[in-house]
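[1] following is a predicted model, sequence given first.
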Amino acid sequence: MELESMKALAAAISIGLGAVGPGIGIGLLAKGAMEAIGRNPEATNNIRTNLILAIAFAEALAIYALVVSLIIIFVL
Amino acid sequence: MEHHISIAAETLFHLGPIAVTNALVTAVIVTILLSIFAFLAHRAFQSEKPTMFTTFVEQVIAFFYDLTESIAGKNAPVFFPLIMTFFLFIIIANWFGLLPGIAGFGVEVIENGEHAVVPLFRAATTDLNTTIALALISVGVTQYYGFKFLGVKKHLSKYFNADGMNSFVGILEFVGVFSGILSFAFRLFGNIFAGEVLLVVMGSLIPLVLPIPFLGLELFVGFIQATVFAVLTLVFMSIAVESHEHA
């Protein structure tokens, strides 16, 4: 295969596989937060802050994959 | 119009040995804007009469002070100035790249003997150098407060100790300090740079109405990432100043 097509494939695989884990993780986090809000609606504000923080941690993994993709496309 | 995406910030001109990039220009502009804002706020609070401006400043500061207090407790007055500065700088830097028409400014430079047009402004946080600098400040100050509040011996014993299982945990935490720099820097850079790429791609697909919801999304992402950076720094700081023994 040529270098160009290999690069395109590598970038696509990197972000594609890299998005799976964080996707599952964020789904689980949101599920927990929704259930918590359903049980105790008064705590919504508190839960929202913590949810956004936790999502930022999970999302960071997807961002790493994205950075790898970007480096493959633009730098390599 | 030809769209051109570059992962590194473009050099505009050289100031002695320092290459002045478009991201650096934007960072300086953001700093100046925030300084003017701080000066105006200071002047407005000198007079007793409350205005719309002072109310706005009070609301913003009070909201984040309450948030800081809920996480850091009694250390909130110590941590608050740095946290608020992080938040304000990052949010203005993120939003600067979203200003309509900001990408239209270009300057002609000579690159490898060829004339090229590079954009004059580039959101400061879409340059990895800026985000690494911010991350180094964040981690460095966290370590400084760790040493200051716990003392050198106690703080170092978090990382290096001969206490069975805890010695392994300590080494892991020591590595975690350095991966913290990377994770801070790449999270901010990745989110904002990906947002700019997304806007360019959407704008070149259908330039008419399609980019508008994505602009809204990027405004939100810019705010969230500024909050995340500030709050994470705060959380790490409050952990660093707690002693490990009675945990």
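    Arrived safely.

[2] excluding its backbone neighbours, what's nearest residue 23?
    If you meant another chain, say so; for now it's chain A. Spatial nearest neighbour of A:G23, excluding adjacent residues (Cβ to Cβ, 6 or more residues apart in numbering or on different chains): A:A62 at 7.7 Å. Any C-beta I mention is one placed from the backbone N, CA and C, and that applies to glycine too.

[3] can you look at chain B instead?
    B:D127 (3.4 Å).

[4] quick one, phi psi at the one you found?
    As for B:D127, its main-chain torsions (degrees, to the nearest 10) stand at phi -110, psi 130.

[5] what of the one 10 residues further on?
    Here the main-chain torsion angles of B:I137 (degrees, to the nearest 10) amount to phi -60, psi -50.

[6] same question, B:V20
    Torsion angles, degrees, to the nearest 10, at B:V20: phi -90, psi 110.

[7] which residues does it contact?
    Shown in contact with B:V20 (Cβ atoms under 8 Å, 6 or more residues apart in numbering or on different chains): B:T11, B:L12, B:F13, B:H14.

[8] ok and the residue in chain A nearest chain B?
    As assessed by Cβ to the nearest Cβ, chain B sits closest to A:I63 within chain A, at 3.5 Å.

[9] who are the packing partners of the helix or strand hosting that residue?
    Taking DSSP states H and E as the definition, A:I63 sits inside helix A:44-74. With contacts defined as 3 or more Cβ pairs under 8 Å, 6 or more residues apart in numbering or on different chains; DSSP states H and E, helix A:44-74 has these neighbours: helix A:3-18, helix A:20-39, helix B:165-205, helix B:211-240.

[10] surely B:K49 is within a helix?
    No. B:K49 sits outside any helix when classified using DSSP: H, G, I helix; E, B strand; the rest coil, being coil.

[11] right, and the residue nearest to B:A23 touches B:A19 too?
    No. Counting by Cβ atoms under 8 Å, B:D127 does not reach B:A19; the two are 11.8 Å apart.

[12] count of neighbours near B:A8?
    Burial measure for B:A8: 12 neighbouring residues, criterion other Cβ atoms under 10 Å in any protein chain shown.

[13] you'd agree it is up against B:R122?
    No. Counting by Cβ under 8 Å, B:A8 does not reach B:R122; the two are 10.1 Å apart.

[14] contact partners for B:L88?
    Applying Cβ under 8 Å, 6+ apart, we find B:L88 in contact with B:L34.

[15] geometric centre of chain B: which residue is closest?
    Centroid-nearest residue in chain B, with Cα atoms, centre = their mean: B:I90, separated by 3.8 Å.

[16] residue 64: neighbour count?
    In the absence of a named chain, this looks at chain A. Per other Cβ under 10 Å, the neighbour tally for A:Y64 reads 18.

[17] oops, wrong one, chain B.
    Residues near B:F64, counting by other Cβ under 10 Å: 19.

[18] ignoring the adjacent residues along the chain, who's closest to it?
    Residue nearest to B:F64 in three dimensions, not counting chain neighbours: B:M84, with 5.8 Å by Cβ to Cβ, 6+ apart.

[19] what's the burial count for the one you found?
    Neighbour tally, B:M84, other Cβ under 10 Å: 16.

[20] my read: it touches B:V57, true?
    No. Counting by Cβ under 8 Å, B:M84 does not reach B:V57; the two are 11.4 Å apart.

[21] circling back to that earlier point, using the three-state scheme, assign the residue nearest to B:F64.
    Applying three-state DSSP: B:M84 is helix.

[22] show me what contacts it?
    B:I61, B:F64, B:A230.

[23] mind checking how far A:G18 is from A:L66?
    Taking Cβ to Cβ, to the nearest Å as the criterion, A:G18 is separated from A:L66 by 7 Å.

[24] which one of these two has more residues nearby?
    A:L66 (22 against 19).

[25] does the more buried one really touch A:L17, like I thought?
    No. Using Cβ under 8 Å, A:L66 is not in contact with A:L17, being 11.9 Å away.

[26] please identify which of the helices and strands packed on helix A:44-74 is closest to A:I71.
    When the helices and strands packed on helix A:44-74 are compared for distance to A:I71 using Cβ to Cβ, the nearest one is helix A:3-18, at 8.9 Å.
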